[in-house]
Each structure stands twice: as C-alpha cells, then as structure tokens.
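>>> I need the structure of the sequence given here:
(chains A and B)
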Number of protein chains: 2
Amino acid sequence: MDVFIEPIGRLINEFSHLPGVGKKTAQRYAYKVVDMSEAEANAFAEAILNVKKKVRYCKICGNFTENDVCEICKRRDPSVICVVKEPRDASAIEKLHEFKGVYHVLHGVIDPMEGVGPNDIRIRELLARLQQGNVKEVIIATNPDVSGDATAMYLARLINPLGVKVTRLAHGIPVGSEIEFTDDVTLSRAFAERNAI
Amino acid sequence: MDVFIEPIGRLINEFSHLPGVGKKTAQRYAYKVVDMSEAEANAFAEAILNVKKKVRYCKICGNFTENDVCEICKRRDPSVICVVKEPRDASAIEKLHEFKGVYHVLHGVIDPMEGVGPNDIRIRELLARLQQGNVKEVIIATNPDVSGDATAMYLARLINPLGVKVTRLAHGIPVGSEIEFTDDVTLSRAFAERNAI
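Okay, the predicted model is just below:
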C-alpha cells in the first residue's frame, strides 16, 4: 500500500520538480494545497497555466512580455542597452528603478564546455539592433563567472569596432554569486562603477 | 512599471502562499514554470486541480481517500486504532510499514487557547467506533506538545472506562518537534515502547 493516495503522491512528485525542493518540502506543499479552498487551488492552477499561455518573448529584446514587444522596449531610452543572460537578471536590475535604458536578453552565455557557442545565444539579434544605429552604449551584465566573463569579452571585441561604447558592471558583485541574488546596494554600485572594456 | 509582467507576478504571488516560501524562492519557482514545457505545466496544474477534485475524507477514519472508505480501513486489522492529529501524521507512520492496524484522524487537538474544544475535533466519531466493540487497543499518537498531551489525557479518561486499552507512543520522539518530521528509527522505537496511560 502506498504511503500517499495517488492524487497526493502525484502532486508531491510535481512539486519536487521545483528547484531545491526535496521530498519533505514537496509533501508540505502538497498538504497545503489539500487544505486550500477550491477557489484558492483553482487560482493556483490557473496562474500556472496562464504563465504558459500568456508569457512570450519580446521580439526586440527577448525579455518576457505578454505582447509582441515588451513595455520596456516600447517606452524607454533605446540608446543604452543592458545585455543580460536571463530575464530574471533583467528583473533584478529593474528592482533598482535606476536603469533607464532597454535590455537585450541573450538566453544563455557562451560556454564551450556545455557546447554553447556564439550562435546558440541571441548575439546575432544584438548586432542587428546595433547596426540600426542610435545605440550609444552597451552595458554587459552577464554573471561574473567564467562563461559570463568570456561572453563579455567576446561581445566587447565584436561591438567596439562598431563605434559603440561597451561597458561592464563593476566587480562589486561578489564573484561566484549570481546577479539575480545580488543585494540592491551592491548591484547599484556595480552599475555606477561600470568600466569600459 | 512593474518588475514582473502580470502573469509571472501573479504566479510568484501564488507560490508565496506555500509554507516557508518567501519572495525570492517564489520567483525561482515561477521562472522554473516559465521554463517548463507546455505538457509539464499542464501536468503540474492538473495535479493541483486533481487533488481538490479527488481527495476526500474516509467516512470511518477521517484520513484522505479517493473513495468513501480508505484502503487502510478496508483491509487492515480494525482491532487496533492509532489516533493522530492530521493525515500527514498517519503518512509518517505508514512509512515505517510496521503498524498493521487502522487510524483515526482527529483533524486537530484540544487547544483551549485557540478555542478548540473536544467537540471541534473527531472525538465523537472515535467513541462511536469504540462502541461498536471489537477494538482491543487505542494507540494515541498526538504530538508530544501541550495540546497533544492534553488531548491524549482527555481521550484516555474517556476510553479507559470502556474497557479498551489505551496506549501512547513512547517519548522517544524529541519533545517540541512534530511526528511528521521524526526520523524513522525514533518513530519506530516510540511505537515499540508505547506505554499504557
């Protein structure tokens, strides 16, 4: 006889797919759902389906949007582009409410060990944006790790000849950690002290 | 402008209703869902809805079941009843594969500070089961805390006069912790050393 009846066992299994969630935590989450009202559980399930149904990638920057073009690309200064690895990095920077430019989400970084080359991330799209002119600065905000550094160097070598200033966030960011989880003060300083590369 | 687009913000909010989940963790979970395939997200949402749709309470013991009567009540020795606070406690005991009897889930414990009296939990249903005869022993497995102890004492005083043996799990269980999270060895010893009260 199983310890859990099938619907609960199945939900525990689903929760254990979430990052950092083990069996015990998944159990606690599943019991919480069992204790939810029907309306709460429906809202939860609906929010999951809704994300898959509505979240798309911005045609210009590659960030999450509900439309063809994201609100940031529509409304903000297109002359400064901040290049990030993932949408979550753009969210971390947005929380500062300091950066007034637009983003370019690479959806990855160059990582030969993982078989990810320059053509596997959105570098071609970035160059196309730069070739339309009007961009004064590209701020590279990849993580301060081996593949993030390599990607930054690669981009600097490609973009500098185009006459566009390339900067990178200062290494105030603790090395080895991730932009997404950097505290606001450190991330803010890294923005202020960005250096030409 | 919000840091997150609406569907992602909404999902982060839903995840933050789970026990012990803060803003950052909820974000990580939401991004994971965005990265899921459509099929994976559907399976996740379906598992949540399924739990609310299919999980009911056993008419006899009050534990979770998909039917009127749970598999444990249907198949196991009804002469020994283990009384627990919540279904999750029964699951913790089931994992041992040692207990051969049936359960009675109180869905709470007597806790005057919280306004929970004997009539607010499934004590009446337990007495009805005992009055049908054939029960030789009631093992009380409430948590070893103030309200768990009080409930055990209250039940012992009610049940002893009926000529039914009442025992309680030995206090090998670390006081202040919860049955759900007790390691198997300790929980197993507590079962073996249960004492008459």
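
>>> every contact and neighbour count from this point should use C-alpha atoms.
Will do.

>>> distance of the closest residue to chain B within chain A from A:Val33?
Going by C-alpha to the nearest C-alpha, chain B is nearest to A:Ala45 of chain A, at 4.4 Å. Distance from A:Ala45 to A:Val33, counting by C-alpha to C-alpha, to the nearest Å: 10 Å.

>>> re the thing from before, could you report the neighbour count for the residue of chain A closest to chain B?
When neighbours are counted by other C-alpha atoms under 10 Å in any protein chain shown, A:Ala45 registers 22.

>>> just the pLDDT for it.
On the pLDDT scale, A:Ala45 is placed at 96.

>>> didn't it look like it was pressed against B:Ile48?
Yes - applying C-alpha atoms under 8 Å, one finds A:Ala45 in contact with B:Ile48, separated by 6.2 Å.

>>> any common contacting residues for A:Ala45 and A:Val33?
Each of B:Ile48 lies in contact with both A:Ala45 and A:Val33 under the rule C-alpha atoms under 8 Å, 6 or more residues apart in numbering or on different chains.

>>> tell me the helix or strand right after the longest helix seen in chain A.
Assignment by DSSP state H gives helix A:38-54 as the longest helix of chain A. Using DSSP states H and E, the helix or strand that follows helix A:38-54 in sequence is strand A:56-57.

>>> so how far is that next one from its chain's centroid?
Centroid separation for strand A:56-57 versus its chain: 12 Å, with C-alpha atoms, centre = their mean, to the nearest Å.

>>> partner strands of that strand, with direction?
According to DSSP bridges, strand A:56-57 has the following sheet partners: strand A:64-65 (antiparallel).

>>> show me what whichever helix or strand comes after the partner strand is packed up against.
Going down the chain from strand A:64-65, the next helix or strand is helix A:71-75, by DSSP H and E. Judged by 3 or more C-alpha pairs under 8 Å, 6 or more residues apart in numbering or on different chains; DSSP states H and E, helix A:71-75 is in contact with strand A:102-105.

>>> export the following helix or strand past the strand it packs on to PDB, keeping only CA atoms.
Scanning forward in sequence from strand A:102-105 by DSSP H and E, the next helix or strand is helix A:123-131. The C-alpha atoms that make up helix A:123-131 are tabulated as PDB, following Å, rounded to 0.1, in the frame of the first residue of the first chain:
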ATOM      1  CA  ILE A 123      24.200  37.700 -30.200                       C
ATOM      2  CA  ARG A 124      23.100  38.000 -33.900                       C
ATOM      3  CA  GLU A 125      20.000  39.800 -32.700                       C
ATOM      4  CA  LEU A 126      22.000  42.200 -30.600                       C
ATOM      5  CA  LEU A 127      24.300  43.100 -33.500                       C
ATOM      6  CA  ALA A 128      21.200  43.700 -35.700                       C
ATOM      7  CA  ARG A 129      20.000  46.200 -33.100                       C
ATOM      8  CA  LEU A 130      23.300  47.900 -33.100                       C
ATOM      9  CA  GLN A 131      23.500  48.100 -36.800                       C
END
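
>>> give me the contact list for helix A:123-131.
With C-alpha under 8 Å, 6+ apart, helix A:123-131 has contacts from A:104, A:106, A:155, A:159.

>>> chain center to it, what's the gap?
Counting by C-alpha atoms, centre = their mean, helix A:123-131 comes out at 19 Å from the chain centroid.

>>> please identify the buried residues of it?
Under the neighbour-count criterion of 16 or more other C-alpha atoms under 10 Å in any protein chain shown, helix A:123-131 has A:123, A:125-126, A:129-130 buried.

>>> same thing with stretch A:138-153?
Of the residues in stretch A:138-153, A:138-144, A:147-152 count as buried by neighbour count, 16+ other C-alpha under 10 Å.

>>> same question, stretch A:6-15
In stretch A:6-15, counting by 16+ other C-alpha under 10 Å, buried: A:6-15.

>>> out of those, which touch chain B?
Residues of these in contact with chain B (C-alpha under 8 Å from any C-alpha of the partner chain): A:7-8, A:10-11, A:14-15.

>>> angle of the longest helix of chain A against helix B:38-54?
Relative orientation of helix A:38-54 versus helix B:38-54 (axes from the mean of the first three to the mean of the last three C-alpha atoms, to 10 degrees): 170 degrees.

>>> who are the packing partners of helix A:38-54?
Against helix A:38-54 (3+ C-alpha pairs under 8 Å, 6+ apart) you get helix B:6-15, helix B:23-35, helix B:38-54.
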